[in-house]
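> got a sequence here, can you model it:
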Amino acid sequence: MSLLSARNVSRIYRRVSLVGASKPTLVLNDISLDIAHGETVALLGRSGCGKSTLARLLLGLERPDSGEILFEGRSLVSLPKAEMPGFRRAVQMVFQDSVGAVDPRATIGTIVAEPLRHLLGLDGEALRARVADLLDKVGLDPRDAGKLPAQMSGGQLQRVCLARAFAPEPKLIVLDEAVSNLDLHLQIQMIALFERLREETGTAYLFVTHDIRLVERFCTRVLVMDEGRMVEEAPVTRPLALQSPAGRALREAVLPAYPRRIMPA
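As a prediction, the model looks like this:
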């Protein structure tokens, strides 16, 4: 059984202004996909092709206009309200904008503790110990729990967001362009961290990106989107061999390979 699936999903956006409603825009058109337990899948496509919209549907943040999203074989629409916290615990997300994803007035410890309180019911010393452990796992000092986001670098703050995502011990983490705002060195460090945590926990990833270099380093299977459609599915090879026009265009536009001297062993 797949962990998370989409079946013939379509999504239409309608904009309403003072002059009336605009023409409906078909953002996703008959999308189907499956993500297995422990799998690392890339969702590859140029900006504006519908990747982030699909990610929001998979997380239950939006509903499709047709088709359905299935979690372990059950439609999200039919999940009883009492079971939704279990889904929220099992499927987490790390966003591209780490600064915008956290409360600037909250301490790092409070940010990481949020899902531990609301999804696991931890408090007191057990909560503080778990926060310290999570910060340590993502390569931060447990003493960073007392800092504010403004006191952290961009790379450190993205690690905070990853610690928060791992806090409820999810089965799947959606990484929505989660390293695209980081420089080359930090991208390499974060990819290595994702892989280490996957090996330790068995967590699956959906890696939403437009960067083929990162797909080649991190993922085992790639799905290519173009203009709201799924146009190709392929195993990840080095170099990545894509056959669809959209895939070939991304291949031709790819940035230079990582310099060998800074590639991790």
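
> and D176, how many residues sit next to it?
20 (other C-beta atoms under 10 Å). Using the backbone N, CA and C atoms, a C-beta is placed for each residue, glycine as well.

> likewise L206?
A count of neighbours around L206, defined by other C-beta under 10 Å, yields 27.

> what sits against it?
L206 is in contact with L4, I35, V41, L43, A55, L58, L172, I173, V174, L175, counting by C-beta atoms under 8 Å, 6 or more residues apart in numbering.

> buried ones only from those residues, please, as a ChimeraX command.
In ChimeraX, a selection of the buried entries from the contacts of L206 looks like this (16 or more other C-beta atoms under 10 Å):
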select :4,35,41,43,55,58,172,173,174,175
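
> and S32, how far is that from L70?
11 Å (C-beta to C-beta, to the nearest Å).

> these two: who's more crowded?
Per other C-beta under 10 Å, whichever of S32 and L70 has more neighbours is L70, with 19 against 12.

> for that one, what are its contacts?
L70 makes contact with S2, L4, S5, A6, R7, L76, according to C-beta under 8 Å, 6+ apart.

> likewise R164?
Contacts for R164 (C-beta under 8 Å, 6+ apart) come out as Q92, I111, V112, E114, P115, L134.

> shared neighbours of S32 and L70, anything?
Counting by C-beta under 8 Å, 6+ apart, the common neighbours of S32 and L70 are S5, A6, R7.

> among those, who's most crowded?
Going by other C-beta under 10 Å, A6 tops those with 22 neighbours.

> sec struct for it, please.
Secondary structure, DSSP: H, G, I helix; E, B strand; the rest coil: A6 is strand.

> how close does it sit to L33?
In this view, A6 and L33 are 5 Å apart by C-beta to C-beta.
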